[in-house]
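> with the sequence up front, the predicted model follows.
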Amino acid sequence: MTEPEKEIEKNYSYNKQELIGFLDEFKNQIEAGKIEIGQEYVEIPDGNMDVEYGFKIEKGQKDIEIEIKWKNKKIIVL
């Protein structure tokens, strides 16, 4: 059975130390096998995942993007 399509994005503003705390908690959730985004949970598999990351400057704004994908098409974007 195919899961329905869904996209959830949350936006926050952090200073450097708060961002470090957020990323540390994100790492802990990955290790635990489940990430909370909003009030939804995404299970993280033990198997292989494709990771893409990059940096861009557009209209004076700098972005770092991280994308994680695995076979069942769930996607996490930071």
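Received, thanks.

> measure the closest residue to residue 10 other than its chain neighbours to residue 52 for me?
Once flanking residues are discounted, residue 10 sits nearest to residue 38: 5.5 Å by C-beta to C-beta, 6 or more residues apart in numbering. Placement of C-beta: from N, CA and C, glycine included. Separation of residue 38 from residue 52 (C-beta to C-beta, to the nearest Å): 23 Å.

> any low-confidence regions in the chain?
Residues of the chain meeting the criterion pLDDT under 70: 1-3, 72-78.

> can you give me the strands in it?
Using DSSP state E, the strands of the chain run over 34-37, 40-43, 50-58, 61-69, 75-77.

> any chance of the ones you listed in JSON lines, plus mean neighbour count?
Formatted as JSON lines, these follow (neighbours: other C-beta atoms under 10 Å):
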{"stretch": "strand 34-37", "mean neighbour count": "14"}
{"stretch": "strand 40-43", "mean neighbour count": "12"}
{"stretch": "strand 50-58", "mean neighbour count": "9"}
{"stretch": "strand 61-69", "mean neighbour count": "11"}
{"stretch": "strand 75-77", "mean neighbour count": "14"}
